[in-house]
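> the following comprises the amino acid sequence and a computationally predicted model.
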Amino acid sequence: MSTDTTDVPITGKLQVGVTSGKRRTLSQTEHRGKWWRLVIILIITGVVLAPIIAVFVLSLQPSLGSTATGWTLENFSLVFSQTNVGTWLKNSLGVTLVTVVVAVAVAAPAGYVLSRGRSRAVSGYSLILFIVQSLPVVTAVIPLFILFAQIGLVDNLAGVTIIYVGSTMSVAVWMMAAYFDSIPITLEEAAWMDGTSVFGSFTRIVLRNSLPGILSTAIFSFLLAWNDYLVAVVFLRSDDNYTLQIGLQTFFQQNQTNWGLVMAVAVVMMAPPIILFSVLNKYFSVGGIGGSLAGR
Amino acid sequence: MSTESVAGALKKARRGVGVAGPGRSPGARPAKKRKNSHARVLLLFALPSLILLVLLNLYPVIYAGLQSLRNGDLISAGDFVGFSNYINVVQTPEFWHSAWFTLVFTVTGVFGSWAVGLGLALFLRTRIPANGLFKVLLLLPWVVPVVVSATSWNWLVATPQSPLPILFDALGFGNVLFLADPVLAQVTVCVFKVWVSFPFMMMMMSSALASVDINVYEASKVDGASSWQTFTQITLPIISRSTYISWILMTIFCVNDFPTIFLLTGGGPVNATRSLVVLAYSTVFQNFQTGPGVAIAFIMTLVLVVIATMLYRQIRKVNIE
Amino acid sequence: MTSQSTGAAFTRRSFIGVAGGAAATALLAACSTGGGGGGGDTMKFWNMPWGGTEFNPLDKKITLAYEPKSGLPSAKYQAIQWANFTQTFSSAVASNTGPAVSSGGGTQAFQFANQGKIAYADDLLDSWKKDGIYDDFLPGLIDAMKTDEGYAAVPYNLDVRISWYNKSLMEQAGVESPKSWDEYMNVCAALKKIGVYGFGLGSGAGSFTGSHILAAFMINNGGGLFNADKKPDCVTPENIQAMEFILEIVKAGYSDPAAATYTSANVESQWKAKKFGFGWDGAGLPAGAVGDVAGDLVVGDPLTGPSGTKGGLYFPNNIMMYKNTPSQKGSEAFLTYYYKNMAPLWTKNTGIGLPPLKSIADTSEFKADVNKVKILADWQPILKTWAAPGGSGLFYNIANTVDGTAPMLDFTQSILGGKVDAKGALTKLQTSIEGLMK
């Protein structure tokens, strides 16, 4: 892989590399500094995470009209036994995973065009992606709803999935293109000489070497689909089709809001992205977006 | 579109910085026949994304654009009124107030999150036990759904009995009204935005910094440069391209950010935190004036594209250098 | 129904084919449940979450128990969330995927009537004159539904803006429920001495109560926002006097300085924290997250203004019928059934507001709630709609000019901020409303 600037993902390895270079000169004062820095970063992390910690704490408080005292998991058991939260979780996961798969499948070849192509048509395409990304979603919701209503995609998880794929498109294509930029074209050219088709070289050489790029794009699409509220609130109607974001709103009643339950659902909602990030963090490189944006 | 152009791309030397790495030779020139087939394949590669763009982005934009030239509402089309919606909205003081706040919000959002993100990225490069863990933890504000974090922030600051006002009172600042005082509400919303966005910047800057060769620092240390000098003269120039890119993206994210503001303050008090997107939203969905609402959104997008293109040029300049 | 879902499946499949994600097709198909809306032999009824968590399940049960006469459609139930509900209804109606019968925002029927989407309820009300339902409505309610073209809807759940007080705190401050503006001012002063606010309300994100209360004080003083020609008429002596009264309250520190940005949850937490001793809210306040304070909350008395007038604001929420229905006869038959069978929504403590029918208000279960009985006895007769003082019937322009609109919120937040003068703020409101009516 190239040593090119921004396209290198934040990898644990690189960090180790950087620090191990320093180890040789590590003195006692630096050693003490290490623990000071730990204290500082602990404080910063604590302050930054306070609002998120608050959600966890509130979710463990007894809910409205409950007899429990102190810490309790009652909100979670209530949420799972008395509401549709299981279905919503399933819907959210389904919609998000399909979005991720389709977004990568569409963005990868398009990113390849953006990466390897260099012509007026390709720059025009890049510019369209750029302007599309600049438009607020608010203006698009109603026209899309009317269009989708005609083809039966309203109150339908497939409908919102298609919209999510559409809204990830610009950034996903950029991210894929950025990653492909870091793969030397010589490999493909050699393959073409051997008679491999463009499609063949794309799947066998380029894609095979692009796992970090694909994962970055996948995580980005995941977050976008998982966190959407505006599209889902207009498009989804029936309780069985809600995603978690919309399901959460059912706890906000005309006269009362049960905060314990809201926070419990919020925790359920936070869990998948947090888990995903903890596991895949080292592959995720938003820096990649820029490579291609700036490249042309 | 000429097939020549796409195919020609394949043989052209790659100029972009991101692609200027080693291992990229000018390469052998494919036969002309192959070039044409390549072009066709590339077109096919881009086709699905093009269809999605047209259907899901271009169509709504055109539809909304037509709405902005009419005086209808969400349901009835109304009469054609030309550009009068555009002329009318720019004559209202509310528009300019919102434009001003959008500017404030965007500038603090972009530079605030960049400064915090870069600071933390630099800090996390130093030797800290378990710094991988902190890197993940510090990403959470960006990962957590805004619906959740806005609710939680409201709980932390809204009433005098909320934790933060109690803390400030104990520290002797008196009764601080984080959301009720217009100026403080603006500050709170901006801080909230920085909180939501800094992890994104941290990631971008981390990945940019990861490419900086540690030996460069060693060398400058030998030359007796102060750490500030090292930062401004070595680090910043190296990460300048990523910085410009992050600014562009964050500018787009800030200007278009609806939920952060709407969920925390709803635009109040007395329109203090009503950015252009929120103004567009309330014009369409609360006042049922589709035309003027879309007009606001379009003017906003136009300015955004102009500003972003200017920054974009800046990157190209950096690239060429 | 069948053809519709086939169509959707086809579109979906071809779409994915283009997208080239073969693996995704299976997932997508597994993930999409059913096609579009009702259609065919069913008729959609959409209702809002008017009460607590028990409300919609019970309401659904009542709806699904409806057995239509042969040839008429059966009913399909859908609960619609409060979040962004105007978007939900507007987009559905615009695309003809909306309900046949629904509740919704209090002024929604008039907005849709203006756009020609509403089936007027005149025939239905005529038939109700025969079977007694018509005479069962509380006085004045049906009049509020009347437009020049016909009755846009039928009254349903009443939402009122009234005063509440915490009796323990009032006792502690040594005051009793005020009956006039002067007495109210004294109550506020006494409450302030024990560190409690006397003008408790909120006007923050998603909360329109504050603007309702300011309008209520104008109506209390014989004023209001619209004249008999349904034109805005904000800068009147009555309104100026009322807003000066509120400004006096704000400036004296009787109102929570952060009230302008309180959400309804913030307001509830202030009652819970015993920071609000007297305040203004809906009928459901004790059912909210007010904790142990709920038992101490008592409905106040209507205040008499300086010129001897009483009054306040209420919202006759309503159920409307749409032109887009499988059968207009079916919509009417369903509503007749629904009104004859909806009493449990009020008698089973679902947290809904006040009933529109005398027969429900007379049930022993309803009468067990002294606060609600007091609201119907003392407040309901004097409350008026947004159309006051000019008239009682709601109309289209209310929806887009004052009911939860940006200018009305700005006006409220500026008054609650205490840094404006009454006449100036009202003049600005007048200009904004005129601008929106164009």
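Good, I have the coordinates.
> in the stretch 151-300 of chain C, which spans are strands?
For the stretch 151-300 of chain C, strands defined by DSSP state E, counting those that start in this stretch occupy the ranges C:154-160, C:162-166, C:278-281, C:297-299.
> got the residues of the stretch 201-321 of chain B near chain A?
Proximity of the stretch 201-321 of chain B to chain A (CB under 8 Å from any CB of the partner chain) is limited to residues B:203-204, B:206-208, B:210-211, B:214, B:238, B:241-242, B:244-246, B:248-249, B:252, B:255-256, B:258-259, B:277, B:280-281, B:284, B:293-294, B:297-298, B:300-301, B:304-305, B:308, B:312, B:315-316, B:318-319. C-beta here means a position set from N, CA and C on the backbone, and glycine is covered the same way.
> list only those of the residues you listed flagged as buried.
B:203-204, B:206-208, B:210-211, B:238, B:241-242, B:244-246, B:248-249, B:252, B:255-256, B:258-259, B:277, B:280-281, B:284, B:293-294, B:297-298, B:300-301, B:304-305, B:308, B:312, B:315-316, B:318-319 (16 or more other CB atoms under 10 Å in any protein chain shown).
> thinking C:Gly288 is in contact with C:Glu268, fair?
Yes. Between C:Gly288 and C:Glu268 there is a contact at 4.4 Å, judged by CB atoms under 8 Å.
> what's B:Met310 in contact with, if anything?
Contact analysis of B:Met310 by CB atoms under 8 Å, 6 or more residues apart in numbering or on different chains lists nothing.
> tell me what the host helix or strand of A:Ser170 is packed against?
A:Ser170 belongs to helix A:157-181 when assigned by DSSP states H and E. Helix A:157-181 is packed against helix A:85-116, helix A:120-134, helix A:211-227, helix A:230-235, helix A:287-295, helix B:32-53, helix C:2-19, helix C:22-31, with contacts defined by 3 or more CB pairs under 8 Å, 6 or more residues apart in numbering or on different chains; DSSP states H and E.
> the same query, at a cut-off of 7 Å, please.
helix A:85-116, helix A:120-134, helix A:211-227, helix A:230-235, helix A:287-295, helix B:32-53, helix C:22-31 (3 or more CB pairs under 7 Å, 6 or more residues apart in numbering or on different chains; DSSP states H and E).
> that one: how far from the chain's middle?
11 Å (CA atoms, centre = their mean, to the nearest Å).
> please apply the same query to stretch A:106-117.
20 Å.
> stretch C:127-147 now?
19 Å.
> which intervals of the chain have sub-threshold pLDDT?
Just so you know, I chose chain A. Along chain A, segments meeting pLDDT under 70 span A:1-30, A:63-68, A:118, A:253-257, A:281-296.
> look at chain C instead
For chain C (pLDDT under 70), the answer is C:1-40, C:438.
> tell me how it divides into domains.
C:2-157+C:315-370, C:160-314+C:385-437 (automatic domain parsing).
> just the endpoints, please. Distance across the shortest one?
One end of domain C:160-314+C:385-437 sits 26 Å from the other (CA to CA, to the nearest Å).
> touching chain B at all, that domain?
Yes. Domain C:160-314+C:385-437 is in contact with chain B by CB under 7 Å from any CB of the partner chain, via C:204-206, C:257-258, C:260-263, C:266, C:269-270, C:273, C:400, C:404-406, C:409-410, C:413-414, C:417, C:436.
> and these, which are buried?
C:204-206, C:257-258, C:260-263, C:266, C:269-270, C:400, C:404-406, C:409-410, C:413-414, C:417, C:436.
> residue of the stretch 51-200 of chain C nearest chain A, please.
C:Ser95 (3.4 Å; CB to the nearest CB).
> in which helix or strand does the residue nearest to that residue when sequence neighbours are not counted reside?
The shortest distance from C:Ser95 to any non-neighbouring residue, by CB to CB, 6 or more residues apart in numbering or on different chains, is to A:Ala149 (3.4 Å). Element membership for A:Ala149, per DSSP H and E: helix A:138-150.
> so for that helix, what gets flagged as buried?
A:138-149.
> now the nearest residue to A:Asn91 once chain neighbours are set aside: phi and psi?
Distances taken as CB to CB, 6+ apart put A:Thr243 closest to A:Asn91, at 5.2 Å, once the chain neighbours are dropped. As for A:Thr243, its main-chain torsions (degrees, to the nearest 10) stand at phi -90, psi 170.
> which residues does A:Thr243 contact?
The neighbours of A:Thr243, taking CB atoms under 7 Å, 6 or more residues apart in numbering or on different chains as the test, are A:88, A:91-92, A:95, A:232, A:236.
> does C:Asn317 belong to a helix, a strand or coil?
Secondary structure state of C:Asn317, per DSSP: H, G, I helix; E, B strand; the rest coil, is strand.
> wait, it sits on C:Asn157?
Yes. Contact criterion CB atoms under 7 Å: C:Asn317 and C:Asn157 qualify, at 4.5 Å.
> how many neighbours does the residue of the stretch 151-300 of chain C found nearest chain A have?
Chain A sits closest to C:Gly284 of the stretch 151-300 of chain C, with a gap of 3.1 Å, by CB to the nearest CB. Number of residues near C:Gly284 (other CB atoms under 10 Å in any protein chain shown) recorded here: 21.
> what about it, distance to chain B?
Per CB to the nearest CB, to the nearest Å, C:Gly284 is found 20 Å from chain B.
> I figured that residue hits C:Gly351, correct?
Yes. Here C:Gly284 reaches C:Gly351: they are 6.1 Å apart, a contact under CB under 7 Å.
> for the spatially most central residue of chain B, what are its contacts?
Nearest to the mean C-alpha position of chain B, counting by CA atoms, centre = their mean, stands B:Met250 at 2.1 Å. Listed by CB under 7 Å, 6+ apart, the contact set of B:Met250 reads B:109-110, B:113, B:197, B:201.
> contact residues of the stretch 101-250 of chain A facing chain C?
Close to chain C, as judged by CB under 7 Å from any CB, the stretch 101-250 of chain A has residues A:101-102, A:105-106, A:142, A:145-146, A:149, A:151-158, A:161-162, A:233-234, A:237-241, A:249-250.
> hmm, which of those are the buried ones?
Buried among those by 16+ other CB under 10 Å: A:101-102, A:105-106, A:142, A:145-146, A:149, A:151-158, A:161-162, A:233-234, A:237, A:239, A:241, A:249-250.
> where do the helices of the stretch 151-300 of chain B begin and end?
Under the criterion DSSP state H, counting those that start in this stretch, the stretch 151-300 of chain B carries helices at the ranges B:163-170, B:182-209, B:214-222, B:227-230, B:236-255, B:259-264, B:276-285, B:290-320.
> so which bits of the second one are buried?
Right, the one you point to is helix B:182-209. Quick answer for helix B:182-209 (16+ other CB under 10 Å): B:182, B:184-186, B:188-209.
> which strands and helices lie in contact with it?
Looks like helix B:182-209 contacts helix A:287-295, helix B:93-125, helix B:140-143, helix B:146-157, helix B:236-255, helix B:259-264 (3+ CB pairs under 7 Å, 6+ apart).
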